[in-house]
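>>> just the structure for this:
(chains A and B)
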Amino acid sequence: MEITSVAFGIPFRHSITDSSSQSTKPFRHSITDSSSQSTKPFSARKSPKLQIQHASDLPSTLTRVGQMLTVKELNTALNHFGNSNKFNNISQLFLWMQENKKVDVYSYSHYIKFMANKLDASTILKLYNNIQDASVKDNVYMKEDGLVPDLVTYSTLIAGCVKVKDGYPKTLELIQELQDNNLRMDDVIYGAVLAVCASNGKWEEAECYFKQMKSEGRSPNVYHYSSLLNAYSACGNFQKADVLIQDMKSEGLVPNQVILTTLLKVYVRGGLFEKSRELVAELESSGYAEDEMPYCVLMDGLAKAGQIHEAKVIFDKMMKKQVRSDGYAHSIMISAFCRAKLFQEAKQLAKDFQTTFNKYDVVIMNSMLCAFCRVGEMDSVMETLRKMDELAISPDYNTFNILIKYFCSKNMYLLAYRTVEDMHSKGYQPTEELCSSLIFHLGQAKAHSEAFSIYNILKYSKRSICKALHEKILHILLAGKLWKDAYVVFKDNATFISGPTTKKFASAFMKSGNINLINDVMKTLHSCGYKIDPDLFEMAVSRYLGQPEKKDLLLHLLQWMPGQGYVVDPSTRNLILKNSHLFGRQLIAEVLSKQRVKLKAQESR
DNA sequence: ATAGGGTTAG
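The predicted structure follows:
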């Protein structure tokens, strides 16, 4: 009881606000839709293609005439919008084409070309995979029609790998592919590749590409140097960094703001705080410290090395100098205080952030939430959540994760469940490990249908989930007497269900499952190679005998059996005969004798 | 078309 009332209060009022703000959209559409029809009576006479190109409300025009157009014509429209930089229309049209399966390789290619700098990296990579799938499917090769990807395409794709997980192996594939297409890596490609190496902590590989480009007679520019430098920062290799800076200077390049800030990162990661402070002073005197970034780098490093007081000194100095800040500095100090369990200081600074910036920040909230959860300060957790709600800060992926883990750790599984549902409805994917453990605990707590909901969230969000999970949920569904769901799970995953569990499912279902599904379950069991026991038939027959109005189902079962090599055993046969008045003696006798004849015939064959 | 900063958890 207490759990649900808490859950009701928290996650999250915005789900209501959000959906209401979304509900204004269709409204807006229907207005524009009707007005465009009434003010443009001639539109119906325009060709569908022109209607699309000149649509004032593209989505509704597409709904009206989109299906009349071929993929080729739609691609022309994409091009039309692309050439006039109508990005909104490109997106709307492409989305419609995807939803209506009216896309080919060229659609993807045009779309990527026009939207390259409007889309985030992972989206572009996904689209790129779609192209490859589509080109195999349509047997079209990109090389035709000038569609061969060029170096610009590849640099866009590789740059996209910087922020993406698995970006490094993906980059290797792309390098291979561009070489297969007879392209050679140029300066920009090398720049992007080095950036990927750096963001994946691969300094040796970065060095290797750096040397390789030099050996090809290319002179590294500041981008290359800064990425290699950044690659050294993860491991704090300041010796290599210093050598690199010397090399750079000897090539006649002057370290700029980015280079020096990155060098600072190396020193900080290497624990050279004295040298770092000197470098910050150098940045200040060069006018490179007007932004908070170098201070952030140093503060964060100090705090993570346990020197929280020194970090705060930098923070205060920065505030005194009125360095331009977007709030990162606050965020770093707040999370540092939280890590050190200095909650009063953290709260004070959070308050300060709120008054300085006149807003709140989800990252700061997450830091505090996480800290409160870690020390188990339930009241502060709830207070923080209330505050987020008050200030209309939408929880993000991390917020949900923090909360769910916290609720699980406190054995508040129903609350965790509600939070996962909320998370899912906001479009965030909980991890499989989290779901899997929650399913287990919900099962233990007899929250069977809740466990099944989590299973479904997982199943419909991922291509493949741990095979053992199907069997696990099957046990839970049986325990919860959710027969129909159990049947669906069994049917969809029969190959992953062990023999003993199959047996358990079969007899539990025959005993208590939905009578209308008994024959379906029998057939499913048989078709997945399970040898149906005579006891199971006896159980099914008993169920039918208990409900004479299901006569047709019994007859159907009896008729189906001999074809698959089954025959009722003598005791079941007697049971049926004893009750045959309920079904029509004549009919039952016929069916039973047919069973024997068919079986005999099969045996003699 | 290529470069630099904060939050989870183990």
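>>> grab the most central residue of chain A for me.
Residue closest to the mean C-alpha point of chain A, counted by Cα atoms, centre = their mean, is A:Gln429 at 4.8 Å.
>>> my read: it touches A:Ile465, true?
No - if you go by Cβ atoms under 8 Å, A:Gln429 and A:Ile465 don't touch, sitting 11.8 Å apart. Yep, even glycine has a C-beta here, placed from its N, CA and C like the rest.
>>> so which residues on the stretch 101-250 of chain A come close to DNA strand B?
Neighbours of DNA strand B within the stretch 101-250 of chain A, by Cβ under 7 Å from any atom of the strand: A:116-117, A:151-152, A:155-156, A:159, A:162, A:186-192, A:195, A:198-199, A:221-224, A:226-227, A:230.
>>> go with 6 Å
Proximity of the stretch 101-250 of chain A to DNA strand B (Cβ under 6 Å from any atom of the strand) is limited to residues A:117, A:151-152, A:155-156, A:159, A:162, A:186-188, A:191-192, A:195, A:199, A:221-223, A:226-227, A:230.
>>> restricting to C-alpha, output the helix or strand A:Ser449 falls within in PDB.
Secondary structure assigned from DSSP states H and E places A:Ser449 in helix A:448-461. What follows is helix A:448-461, C-alpha atoms only, in PDB (Å, rounded to 0.1, in the frame of the first residue of the first chain):
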ATOM      1  CA  HIS A 448       3.300 -11.900 -11.900                       C
ATOM      2  CA  SER A 449       1.700  -9.600 -14.400                       C
ATOM      3  CA  GLU A 450       4.100  -6.800 -13.500                       C
ATOM      4  CA  ALA A 451       7.000  -9.200 -14.200                       C
ATOM      5  CA  PHE A 452       5.400 -10.000 -17.500                       C
ATOM      6  CA  SER A 453       5.100  -6.300 -18.400                       C
ATOM      7  CA  ILE A 454       8.800  -5.900 -17.800                       C
ATOM      8  CA  TYR A 455       9.500  -9.000 -19.900                       C
ATOM      9  CA  ASN A 456       7.500  -7.500 -22.800                       C
ATOM     10  CA  ILE A 457       9.300  -4.100 -22.500                       C
ATOM     11  CA  LEU A 458      12.500  -6.000 -22.900                       C
ATOM     12  CA  LYS A 459      11.300  -8.300 -25.600                       C
ATOM     13  CA  TYR A 460       9.900  -5.600 -27.900                       C
ATOM     14  CA  SER A 461      12.800  -3.200 -27.400                       C
END
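>>> now do the strands in the stretch 451-600 of chain A.
In the stretch 451-600 of chain A, no strands are defined using DSSP state E, counting those that start in this stretch.
>>> you'd agree A:Ile189 is up against A:Tyr154?
Yes - with contact defined as Cβ under 8 Å, A:Ile189 reaches A:Tyr154; the gap is 6.2 Å.
>>> count of neighbours near A:Leu582?
Residues lying near A:Leu582 (other Cβ atoms under 10 Å) number 16.
>>> so what pLDDT did it get?
pLDDT, A:Leu582: 82.
>>> just to revisit the earlier point, overlap in contacts, A:Ile189 and A:Tyr154.
A:Leu178 (Cβ atoms under 8 Å, 6 or more residues apart in numbering).
>>> about what we covered before: which residues are in contact with the residue nearest to the centre of chain A?
A:461-462.
>>> ok, now how distant is it from DNA strand B?
13 Å (Cβ to the nearest atom of the strand, to the nearest Å).
>>> and that residue, that one's in a strand?
No - using DSSP: H, G, I helix; E, B strand; the rest coil, the assignment for A:Gln429 is coil, not a strand.
>>> against which helices or strands is whatever helix or strand A:Tyr154 lives in packed?
According to DSSP H and E, A:Tyr154 maps onto helix A:151-160. Counting by 3 or more Cβ pairs under 8 Å, 6 or more residues apart in numbering; DSSP states H and E, the packing neighbours recorded for helix A:151-160 are helix A:105-115, helix A:121-137, helix A:167-180, helix A:187-199.
>>> what is the neighbour count of A:Gly82?
18.
>>> spit out the contact partners of it.
Contacts of A:Gly82 (Cβ under 8 Å, 6+ apart): A:90, A:110, A:113-114.
>>> go again with 7 Å.
A:90, A:110, A:114 (Cβ atoms under 7 Å, 6 or more residues apart in numbering).
>>> same question for A:Leu391.
A:Tyr360.
>>> show the pLDDT at it.
88.
>>> re the thing from before, how about the helices and strands packed on helix A:151-160 in JSON lines, adding mean pLDDT and mean neighbour count?
JSON lines is the format used below for the helices and strands packed on helix A:151-160 (pLDDT from 0 to 100; neighbours: other Cβ atoms under 10 Å):
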{"stretch": "helix A:105-115", "mean pLDDT": "73", "mean neighbour count": "22"}
{"stretch": "helix A:121-137", "mean pLDDT": "66", "mean neighbour count": "16"}
{"stretch": "helix A:167-180", "mean pLDDT": "95", "mean neighbour count": "16"}
{"stretch": "helix A:187-199", "mean pLDDT": "97", "mean neighbour count": "23"}
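>>> so whichever residue of the stretch 151-300 of chain A sits closest to DNA strand B versus A:Ser409, what's the distance?
Residue nearest to DNA strand B within the stretch 151-300 of chain A: A:Gly191 (1.8 Å; Cβ to the nearest atom of the strand). From A:Gly191 over to A:Ser409 the distance is 45 Å, taken as Cβ to Cβ, to the nearest Å.
>>> also A:Ala195?
Taken as Cβ to Cβ, the span from A:Ala195 to A:Ser409 is 38 Å.
>>> same question for A:Gly201.
A:Gly201 is 30 Å from A:Ser409, by Cβ to Cβ.
>>> so the two - more neighbours on which side?
Using other Cβ under 10 Å as the criterion, A:Gly201 and A:Ser409 rank with A:Gly201 on top: 15 against 12.
>>> what values do phi and psi take at the more buried one?
Here is the backbone geometry of A:Gly201 (degrees, to the nearest 10): phi 70, psi 20.
>>> surely it touches A:Ala234?
Yes - A:Gly201 is in contact with A:Ala234 according to Cβ atoms under 7 Å; the separation is 4.3 Å.
>>> that older thread, for the residue nearest to the centre of chain A, phi and psi?
Dihedral angles for A:Gln429 - degrees, to the nearest 10 - are phi -100, psi 120.
>>> could you do A:Pro220 as well?
Dihedral angles for A:Pro220 - degrees, to the nearest 10 - are phi -60, psi 140.
>>> ditto for A:Lys86
phi -90, psi 80.
>>> for A:Asp291, same thing?
phi -110, psi 160.
>>> show me what it is bridged to.
In this entry, A:Asp291 is beta-bridged to A:Arg324, by DSSP bridges.
>>> what's the burial count for it?
16.
>>> what's the answer for A:Pro48, then?
With other Cβ under 10 Å as criterion, A:Pro48 counts 18.
>>> one more: A:Glu274?
Neighbour tally, A:Glu274, other Cβ under 10 Å: 9.
>>> what does stretch A:291-307 rub up against?
With Cβ under 7 Å, 6+ apart, stretch A:291-307 has contacts from A:261, A:264-265, A:268-269, A:271, A:273, A:276, A:280, A:283, A:310-311, A:314-315, A:318, A:323-325, A:328-329, A:332-333, A:336.
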